[in-house]
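In: Okay, predicted coordinates and the sequence, questions at the end:
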Amino acid sequence: MISNDKNRPGPGNPEEKTILIVDDNDAVWDLLYYIVRKEGFRVEKATDGKEAIDKARMLRPGLIILDLAPQAGFETMRELQADDTVNIPIILLSDRRLDQATLELITQEPNIKGFMQKPVDAQPLTALLHKILMTHPPEKHSACG
């Protein structure tokens, strides 16, 4: 059966998906941008919680990568549990270690789909992005021709 509903997830092209990266550290943001773009996704940037929430509501990204640093943090994560953004999957990043109880509490939120410790390893991140968004990595082209 063929569905015409473009909002329904399905296997697809990463170029059709936008990822909102929320991080106030330019060096980290640049690295994440490189990793995500290399996989073919479109990228939008937010440097603080207010901008992240505004862009999430306006752009409806396929996924949000959210730094848990003080500028974005737990308050932003909580605001993204609101009705209008609760269905946008989120991968949380942190440069500090979280205890098991905190991790369990965070991952009970409906749209939290993963947690990664900084510095981020590209391979697990890209695998998680493609799994959540149900996309396929871009084909690697050979150097001939």
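Out: Perfect, thanks for sending it. Just so it is clear, the structure is predicted and the values come from calculations on it, not from any experiment. Numbering: from 1, shown residues only.
In: residue ranges with poor pLDDT in the chain?
Out: 1-11, 70-72, 141-145 (pLDDT under 70).
In: all strands for it, in order.
Out: 18-22, 42-46, 63-67, 90-94, 112-117 (DSSP state E).
In: Disregarding flanking residues, what is the spatial nearest neighbour of residue 84?
Out: Nearest non-adjacent residue to residue 84, counting by CB to CB, 6 or more residues apart in numbering: residue 57, 5.8 Å away. Just so you know, the C-beta spots here come from the backbone N, C-alpha and C atoms, and that holds for glycine as well.
In: Could you report the distance from the one you found to residue 21?
Out: 16 Å (CB to CB, to the nearest Å).
In: the more surrounded of those two?
Out: Shown here are residue 57 and residue 21; by other CB atoms under 10 Å, residue 21 has more neighbours (27 against 14).
In: Report the contact partners of the more buried one.
Out: 29, 32-33, 36, 43-46, 64-65 (CB atoms under 8 Å, 6 or more residues apart in numbering).
In: before we move on, what about residue 41?
Out: Contacts of residue 41 by CB under 8 Å, 6+ apart are 14-15, 17-19, 62, 129, 133, 135.
In: By neighbour count, which of the residues you listed wins?
Out: residue 129 (25 neighbours).
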